[in-house]
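Engineer: Fold the following, please.
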Amino acid sequence: MMKRSPGFSLIELIVVVAIIAILTMIAYPSYLNYIKKTRRAEGIALINKVMQAEERYFVNSSPPTYTTQLTDIGFSVDSDLPTENGYYQINAEVCGDDEIDDCVNIVATAVGGQATDGNLEYNSRGEKKWAGNSGWDWH
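Structural biologist: The predicted structure is shown next:
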């Protein structure tokens, strides 16, 4: 009679590795999507902060106007203001063919590992865009 040694057989080990591989194939894309959403939320938070500063500037200036210079509204740089982790750079620009006293557009340009996700925009009329599409609905 053959004595069986303790431990796992090769077949059992292969089955466990296959199960782990299948679970990883399912979970990893969801994880990447979650990471992009988290980074996008960071960009949106800074856009909102810049827009609030723009609105205060508009109310306190005479005549009322917005600015494209971020240092005018209390930030350390005039343009390309990075988010905390550097996945977006924030800029203020005039909306389309309008004048700066009519509308300002805050643009968060996706950079680095976030570049494939698309840019975020928010203007003083309340219009939001993500990757060129209307709104920030990304759920």
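Engineer: So Leu23 versus Ser30, what's the distance?
Structural biologist: Distance, Leu23 to Ser30, using C-beta to C-beta, to the nearest Å: 11 Å. For glycine as for every other residue, the C-beta is placed from the backbone atoms N, C-alpha and C.
Engineer: all strands for the chain, in order.
Structural biologist: With DSSP state E as the criterion, the chain has strands at 81-82, 88-94, 104-110, 120-123, 128-130, 133-134.
Engineer: Figure out which of those is closest to Ile35.
Structural biologist: strand 104-110 (13.0 Å; C-beta to C-beta).
Engineer: how about the closest one: buried residues?
Structural biologist: The neighbour-count check on strand 104-110 (16 or more other C-beta atoms under 10 Å) flags Val104, Asn105, Ile106, Val107, Ala108, Thr109, Ala110 as buried.
Engineer: what's the pLDDT at the first one?
Structural biologist: It stands for Val104. pLDDT recorded at Val104 is 97.
Engineer: tell me, what residue is most central in the protein?
Structural biologist: Centre of the chain computed as the mean C-alpha position; nearest residue by C-alpha atoms, centre = their mean is Arg40, 2.0 Å away.
Engineer: Help me confirm that that one comes into contact with Asp117.
Structural biologist: Yes: with contact defined as C-beta atoms under 8 Å, Arg40 counts as touching Asp117 (6.4 Å).
Engineer: now this structure, which segments are flagged as low pLDDT?
Structural biologist: 1-4, 138-139 (pLDDT under 70).
Engineer: one more time with 90
Structural biologist: Residue ranges of the chain with pLDDT under 90: 1-10, 96-97, 131-139.
Engineer: Helices along that one, start to end?
Structural biologist: For the chain, the helices defined by DSSP state H occupy 10-60.
Engineer: For Ala21, give its distance to Lys128.
Structural biologist: On the measure of C-beta to C-beta, Ala21 and Lys128 end up 40 Å apart.
Engineer: Comparing the two, which residue is more hemmed in?
Structural biologist: Neighbours around Ala21 and Lys128, counted as other C-beta atoms under 10 Å, are more numerous at Lys128. The numbers are 17 against 10.
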